[in-house]
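> Here is a sequence together with a model predicted from it:
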Amino acid sequence: MEDPAGFHDYVAVNRDRLVRFGWLLCGSRTSAEDLVQEALVRVWLRWERVGRGSVDAYVHKVMVSTHLTRRRRLWRREEPTDLLSGKPVPGERQAPDPMALWDSRDALAAALRRLPPRQRAVLVLRFFLDLSEADTAAAMSCTRGTVKSQTYKALRTLRGYADELRDGDRLGVRHGD
Amino acid sequence: MVTDHDRDDGLDTAEVVALRLGFQTAVGDMHASADLGERSARTARSVRKRRDRAVKIAGPVAVLVLVLGIGAAFRLGPFGEHTPAAVGADTGVTVCPPALPSPANPGESGDALLPARPGRMLSCVYRNVWVDGASVPSRVVTDSRRLAGADARRAASIVNGAPPLTRARKCPEGDYEALFFRNRAGLEAVVTINTCEGASDGLRVVDPLLGPGADWFR
């Protein structure tokens, strides 16, 4: 049985980006590769029907829906993560500058873990893959209104977390004195 | 780094820039396994083989099931019980209407609509779907399912305790899913589930068995 023409070219060009996207969705390297592989299997099986121009959109949609479904099914089970908790690591540098709050993988991962899966997916689709509201809505099978509200809520949560980090930093300075 | 989308949305651009940079920094040095494509292709090939094999044997099996099913239909009630008398304790609908019906009696009286132990029943799930860029409201979706045992008891508890529809309209339109129930006496109920805020919208969180999306915010 032969692989569809162009499949391996597509994977070669996009695999890093997809794994990065997967990591931002689920916070674990292992889960990210599993997610990408699951999406690629489905793409392989529907390669002719999906059409070359729509492969990206299809893969994004499959990854998001698979991730959310998996979260729903397995929410009671243990899930591997690259970090131990969502709390700031003691002694970790906590920058007061809002532009520098998410300047490390750990800080960003901790922040993303504060978000419900759908809100996290919206942020990653919009600000990592740089999709428009309409494309994000298509990838998540929801309305543009939902994308807007989820984006707003996610940013609000991150803002609150950033404030916590800043407060913690200030307290740390006082204790240090 | 700020796109037209962001300006259109009125987002705080500094915040968005920081987030974009954060995403890029966090994953910039991450690389996929070199054999990811080959592994995926290998899995897909085996899936295709299994499917092809299944299709070959599915024909005769389908005929057999059809014959047995027609025979059984003469003996079983609408929910699969062995005698019509057993259906007396059951509630629900046997076929989901394609569009969400307006409940004739929306169950605001506070009376329990379903028995606490309802036996087997169908729950019909509806949500807006997008067809060619247009929203088609409240179409039945494939998550509609037959419930039994503890799942059915939990469904009955949710239906009986669900708040009136008017209290549940805080999410943007389109962020709702609905469950439709009808009991054997003809009483109807629609339980609305929001998918934008979960339990914080004044509406209970519904078990994943009952509606997709309801537990996305746990």
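Arrived safely, thanks for sending.
> Just the residues contacting the helix or strand hosting residue A:59, thanks.
Secondary structure from DSSP states H and E places residue A:59 in helix A:55-74. Under the criterion CB atoms under 8 Å, 6 or more residues apart in numbering or on different chains, residues A:10, A:14, A:18, A:21-22, A:25-26, A:35-36, A:38-40, A:42-43, A:46-47, A:50, A:117-118, A:121, A:125, A:129, A:131, A:135, A:138-141, B:208, B:212, B:215-216 lie in contact with helix A:55-74. Where C-beta positions appear, they are placed from N, C-alpha and C, glycine not excepted.
> Show me those residues that map onto helices.
Among these, DSSP state H puts A:10, A:14, A:18, A:21-22, A:25-26, A:35-36, A:38-40, A:42-43, A:47, A:50, A:117-118, A:121, A:125, A:135, A:138-140 in helices.
> out of these, which touch chain B?
Checked against chain B using CB under 8 Å from any CB of the partner chain, the ones in helices among the contacts of helix A:55-74 yield the following neighbours: A:18, A:36, A:40, A:117, A:118, A:138.
> Any buried residues in the helix holding residue A:59, and which?
Using 16 or more other CB atoms under 10 Å in any protein chain shown as the test for burial, helix A:55-74 gives A:55-56, A:58-64, A:66-68, A:70-72.
> still on that earlier bit, tell me the two of the ones next to chain B among the ones in helices among the contacts of helix A:55-74 that are most distant?
Between any two of those, the greatest separation by CB to CB is 22.9 Å, found for A:40 and A:118.
> Who has more neighbours out of the two?
residue A:40 (27 against 24; other CB atoms under 10 Å in any protein chain shown).
> For residue B:148, see how far away residue B:115 is.
For residue B:115, the distance to residue B:148 (CB to CB, to the nearest Å) stands at 14 Å.
> hmm, I was thinking of residue A:130
The spacing between residue A:130 and residue B:148, counted by CB to CB, is 46 Å.
> Leaving out the residues flanking it, which one is nearest to residue A:12?
Distances taken as CB to CB, 6 or more residues apart in numbering or on different chains place residue B:37 nearest to residue A:12, at 6.5 Å, with adjacent residues excluded.
> ok but that neighbour is inside a helix, no?
Yes - counting by DSSP: H, G, I helix; E, B strand; the rest coil, residue B:37 is located in a helix.
> That one: what's it in contact with?
When contacts are counted by CB under 8 Å, 6+ apart, residue B:37 touches A:7, A:8, A:11, A:12, A:15, A:40.
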